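Chemist: Sequence and computational prediction follow.
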Amino acid sequence: MEYMNDGQNYIVRIDKDENLFEKLIEFAKKENLTSGHISGIGALKDVELGFYHLDKLEYHKKKFTDDYELLGLEGNLSHMDGEPFFHIHATLGDSEFKAFGGHVFDATVAVTCEVNFRVFDELVERKLNSCIGLKHLELRRI
Amino acid sequence: MEYMNDGQNYIVRIDKDENLFEKLIEFAKKENLTSGHISGIGALKDVELGFYHLDKLEYHKKKFTDDYELLGLEGNLSHMDGEPFFHIHATLGDSEFKAFGGHVFDATVAVTCEVNFRVFDELVERKLNSCIGLKHLELRRI
Amino acid sequence: MEYMNDGQNYIVRIDKDENLFEKLIEFAKKENLTSGHISGIGALKDVELGFYHLDKLEYHKKKFTDDYELLGLEGNLSHMDGEPFFHIHATLGDSEFKAFGGHVFDATVAVTCEVNFRVFDELVERKLNSCIGLKHLELRRI
């Protein structure tokens, strides 16, 4: 991993065989980042995706073990239980160019991963919402 | 819906059973936003997508009635006929992780929807371009 | 093509029948942009996509000749061999709303293409990394 910033914007490169979440958490801790917007492209492998079944309040998870183009990574950084937490969804493309995706639980970088991160200057926390069975973003109520 | 900003950047949470466009328009009007960049993730249901047939100058529309992971929402806010208008495309993932998508005409939030909005400080308007049969962005000609 | 900026943010409209990369490079050169984050939506045609085979260190390329909704374009601008270089991945949707995508080698705008560009104030360069057989982003090592 290498990264560079120009103030509020970071460009992060995560390298082949590095774990996506381990490196993003390392990046957030080193830079004392609490909240922000993340997007990116590259290639991933050993991806564990989830689909949330709202009727059962649980994720169905599936592992995808090939190499895939990362067509788009999108998400955010917030704090959950006092730790940085990245909520990331990804669209992946296989060797036949077919697209698939879901909530990303785990992934390893396959070739390179190029991430844009925009700092959000307020602390955003996640707290349990029992209606959806998940910790959602706590923002100022309007 | 709840939202928070740190100046030019907003994080918006739209909740289960809330209409995506109704809430985004409410957000834009309350904050007097005229233009900007929107992206996000979450889950959607009752999604009406469109594919534009340029030869007929019309959209083919289709409704998707299950719950879907919102792999990526991407678009912009501009003004059209004096009102805020969100132009949004979405990539969705079904329970088998297959991806599909199009121009979003309508959608309801299924679990939660987490949106990043970046204010653009100039008013951007849409005006009819008869060659494409759509109101496109009017920007400074170069 | 038309574009407008409010400082660090640009909105760019690329028009029907214009080449995506030709116009982006023209935009970057006219505005003296060296690095940044790009995202967008619209519609594309005559798209050449690539999937990188890491075992062979080469791209498998395929041309897609219909019109497609551009569900999401994501990428970055950096400098490679002294010239502006856009690294772009795209998720496309066909007339049946099925999604596909990959690394974009070439594309022509089909209806309109609406791009958001965020300037990165530091020069970012690409240099060959022989392990992956590609020119990856050179950022400050941590």
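Modeler: Nice, thanks for sending it over.
Chemist: near chain C, which residues of chain A show up?
Modeler: Within chain A, the positions near chain C by C-beta under 8 Å from any C-beta of the partner chain are A:1-7, A:9, A:11-13, A:16, A:30, A:39-41, A:43, A:67, A:69-74, A:91, A:93-95, A:97-99, A:110-112, A:114, A:116, A:118. Heads up, the C-betas are built off the backbone N, CA and C, glycines and all.
Chemist: Pull out the buried residues from these.
Modeler: Neighbour-count burial within the residues of chain A next to chain C applies to A:1, A:3-5, A:9, A:11-13, A:16, A:39-41, A:43, A:67, A:69-74, A:91, A:93-94, A:97-99, A:110-112, A:114, A:116, A:118; the criterion is 16 or more other C-beta atoms under 10 Å in any protein chain shown.
Chemist: quick revisit: restricted to strands, list the residues of chain A next to chain C.
Modeler: Secondary structure from DSSP state E places A:2-5, A:9, A:11-13, A:39-41, A:43, A:67, A:69-74, A:91, A:93, A:99, A:110-112, A:114, A:116, A:118 of those in strands.
Chemist: Spatially, what comes nearest to A:His53 if we skip its sequence neighbours?
Modeler: A:His60 (6.1 Å; C-beta to C-beta, 6 or more residues apart in numbering or on different chains).
Chemist: which residue is nearest the centroid of chain A?
Modeler: With distances taken as C-alpha atoms, centre = their mean, chain A has A:Ile88 as the residue nearest its mean C-alpha position (2.9 Å).
Chemist: any weak-confidence spans in chain A?
Modeler: Low-confidence segments of chain A (pLDDT under 70): A:141-142.
Chemist: Keep the ones in strands among the residues of chain A next to chain C, but drop any that are not near chain B.
Modeler: Counting by C-beta under 8 Å from any C-beta, A:39, A:72, A:74, A:91, A:99, A:118 from those sit close to chain B.
Chemist: In contact with A:Leu33, which residues?
Modeler: Each residue near A:Leu33 by C-beta atoms under 8 Å, 6 or more residues apart in numbering or on different chains is listed here: A:27, A:77, A:84, A:117, A:119.
Chemist: hang on, the residue nearest to the centre of chain A packs against A:Val104?
Modeler: Yes: judged on C-beta atoms under 8 Å, A:Ile88 makes contact with A:Val104 at a distance of 4.5 Å.
Chemist: if we can go back for a sec, reformat the ones next to chain B among the ones in strands among the residues of chain A next to chain C into CSV and put distance to C:Leu137 next to each item.
Modeler: Below are these laid out as CSV (distance: C-beta to C-beta, whole Å):
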residue, distance to C:Leu137
A:Ser39, 15
A:Gly72, 17
A:Glu74, 19
A:Thr91, 21
A:Ala99, 24
A:Arg118, 17
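Chemist: which pair in those residues spans the largest distance?
Modeler: Greatest spatial distance in those: A:Ala99 and A:Arg118, 25.0 Å, computed using C-beta to C-beta.
Chemist: Assign a three-state SS to A:Glu122, would you?
Modeler: Following DSSP: H, G, I helix; E, B strand; the rest coil, A:Glu122 is assigned to coil.
Chemist: Now it: closest residue in space that isn't a chain neighbour?
Modeler: Nearest residue to A:Glu122, sequence neighbours excluded (C-beta to C-beta, 6+ apart): B:Asp6, at 5.1 Å.
Chemist: which residues touch the one you found?
Modeler: Contacts here follow C-beta under 8 Å, 6+ apart; on that basis B:Asp6 touches A:120-122.
Chemist: And the residues you listed, which of them are buried?
Modeler: For the contacts of B:Asp6, a burial check counting by 16+ other C-beta under 10 Å picks out A:Phe120.
Chemist: Run the chain-centre distance for stretch A:125-136.
Modeler: Distance, stretch centre to chain centre, for stretch A:125-136: 18 Å (C-alpha atoms, centre = their mean, to the nearest Å).
Chemist: where's the residue nearest to A:Thr65 when sequence neighbours are not counted relative to chain C, distance?
Modeler: Excluding the flanking residues, the one nearest A:Thr65 by C-beta to C-beta, 6+ apart is A:Asp46, at 6.0 Å. According to C-beta to the nearest C-beta, to the nearest Å, A:Asp46 stands 13 Å off from chain C.
Chemist: Helix or strand: which one has A:Asp46?
Modeler: Secondary structure from DSSP states H and E places A:Asp46 in strand A:36-53.
Chemist: Can you give me the distance of the closest residue to A:Arg140 other than its chain neighbours to B:Phe86?
Modeler: Leaving aside its sequence neighbours, A:Arg140 sits nearest to B:Met4 (C-beta to C-beta, 6+ apart; 5.0 Å). Relative to B:Phe86, B:Met4 is positioned 19 Å away (C-beta to C-beta, to the nearest Å).
Chemist: Which positions within stretch A:45-55 qualify as buried?
Modeler: Going by neighbour count (16+ other C-beta under 10 Å), the buried part of stretch A:45-55 is A:45-52, A:54.
Chemist: now that stretch: how far from the chain's centre is it?
Modeler: Averaging C-alpha positions (C-alpha atoms, centre = their mean) puts stretch A:45-55 13 Å from its chain's average.
Chemist: Can you show me the CA trace of that stretch as PDB?
Modeler: Below are the C-alpha coordinates for stretch A:45-55, written out as PDB (Å, rounded to 0.1, in the frame of the first residue of the first chain):
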ATOM      1  CA  LYS A  45      -9.800 -12.100  -5.800                       C
ATOM      2  CA  ASP A  46     -11.100 -14.300  -3.100                       C
ATOM      3  CA  VAL A  47     -14.100 -12.000  -2.600                       C
ATOM      4  CA  GLU A  48     -16.800 -12.800  -0.100                       C
ATOM      5  CA  LEU A  49     -20.000 -11.000  -1.000                       C
ATOM      6  CA  GLY A  50     -23.300 -10.700   1.000                       C
ATOM      7  CA  PHE A  51     -26.900 -10.200   0.100                       C
ATOM      8  CA  TYR A  52     -29.100  -9.000   3.000                       C
ATOM      9  CA  HIS A  53     -32.400 -10.800   3.500                       C
ATOM     10  CA  LEU A  54     -34.500  -8.200   5.300                       C
ATOM     11  CA  ASP A  55     -37.200 -10.800   6.100                       C
END
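Chemist: if we look at that stretch, which residues are touching it?
Modeler: The contact list for stretch A:45-55, computed with C-beta under 8 Å, 6+ apart, reads A:58-68, A:90, A:92, A:100-110, A:132-134, B:16, B:43, B:67, B:69, B:93-95, B:97, B:110-111.
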